[in-house]
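Trainee: Prediction below, plus the sequence it came from.
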Amino acid sequence: MKKISALVLSLALGGTLAAQTPKFTPDHGALLDGKTIVKANLTSPAFRNYSFAVERVLTKGLGLQLGVATMPKGSLPFASALDKFGGEVSLTNLKIKSFYLTPELRWYTGGGYGHGFYLMAYYRYQTYNLSGYDLKAKVSTNSSANEKEIRLALSGDIKSNAIGVGLGAQWFLGSNKNIVLDWNIVGVHAGKAKLTLTGDYSSNSGLTDQEIEDLRKQVGENISELPVVKIADQDVKIDPNKKNVSLDNIASPWGWLRASLSIGFRF
């Protein structure tokens, strides 16, 4: 009987102590209501990219985030290393700048207020501006003995729209749980892009119809070597009178992966 009484007493005391320990709520240790998180991407500067996000906790287990990123105009990251693989295009001379906007819905599977393991669904709008896309080509009508060297300089932009899914984990750290660590483990998105490029080419003499077709094919092949850009030869327009090459608003499949580590603060 005494043992039973002691057990009941210990359970009662344990329940009382548990009831006195409050569960985490967003306003715990927060400067405001604790439902707004501002973050900076720690990994993006390695790719000459600067990325920030604001997340709003909508309710238990659900959050909405808006991310923005920009890459100032400059050389393509790791261009010199990629140029070692050879090719007709010098990536070292290529200049690029970009901007993207990413609305994202997060579902925290453990029901946390903005923390824990999460699944995400997102939309991404992204633009790239390209310049200094210099190409050297050799065209011929019949044999390599009659080859003509063509130099071509292109500039333009790529605009893409994509939908994606992914997963990650987010932690609240510190005594007030205000320091936020967000690990975007992996995400994948796919959609469509529109490509516009134009430029002039130089040649010591006029081009025959066969040489123009040869140039068209080489331009198409080289542009298709850009990441996730696929075009057909007929998309390349060549004006031999103006010595101009252009691709006007050409649709292309688009897809990419994303992963990041961000640090932030919860208000």
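Mentor: Sure, I can see it.

Trainee: State the distance from residue 115 to residue 222.
Mentor: Distance of residue 115 to residue 222, computed by C-beta to C-beta, to the nearest Å: 47 Å. The way it works is simple: take the backbone N, C-alpha and C, and place the C-beta from them, glycine included.

Trainee: Can you show me the strands along the stretch 51-200 of the chain?
Mentor: Using DSSP state E, counting those that start in this stretch, the strands of the stretch 51-200 of the chain run over residues 62-75, 95-108, 116-139, 148-173, 179-202.

Trainee: can you give me the mean pLDDT across the third one?
Mentor: With pLDDT averaged residue by residue, strand 116-139 scores 93.

Trainee: what angle do it and strand 95-108 make?
Mentor: Strand 116-139 runs at 160 degrees relative to strand 95-108, counting by axes from the mean of the first three to the mean of the last three C-alpha atoms, to 10 degrees.

Trainee: now for strand 116-139, which elements pack on it?
Mentor: If you count contacts as 3 or more C-beta pairs under 8 Å, 6 or more residues apart in numbering; DSSP states H and E, strand 116-139 packs onto strand 62-75, strand 95-108, strand 148-173, strand 179-202, helix 209-223.

Trainee: try 6 Å
Mentor: On a contact count with 3 or more C-beta pairs under 6 Å, 6 or more residues apart in numbering; DSSP states H and E, strand 116-139 meets strand 95-108, strand 148-173, helix 209-223.

Trainee: can you list those in TSV and add distance to residue 126, mean pLDDT and mean neighbour count?
Mentor: As requested, the helices and strands packed on strand 116-139 are exported to TSV (distance: least, C-beta to C-beta, whole Å; pLDDT from 0 to 100; neighbours: other C-beta atoms under 10 Å):
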stretch	distance to residue 126	mean pLDDT	mean neighbour count
strand 95-108	4	96	17
strand 148-173	5	94	17
helix 209-223	18	87	18
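
Trainee: Any chance of JSON lines for the ones you listed, columns distance to residue 253?
Mentor: Formatted as JSON lines, the entries for the helices and strands packed on strand 116-139 read as follows, by distance: least, C-beta to C-beta, whole Å:
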{"stretch": "strand 95-108", "distance to residue 253": "18"}
{"stretch": "strand 148-173", "distance to residue 253": "10"}
{"stretch": "helix 209-223", "distance to residue 253": "14"}
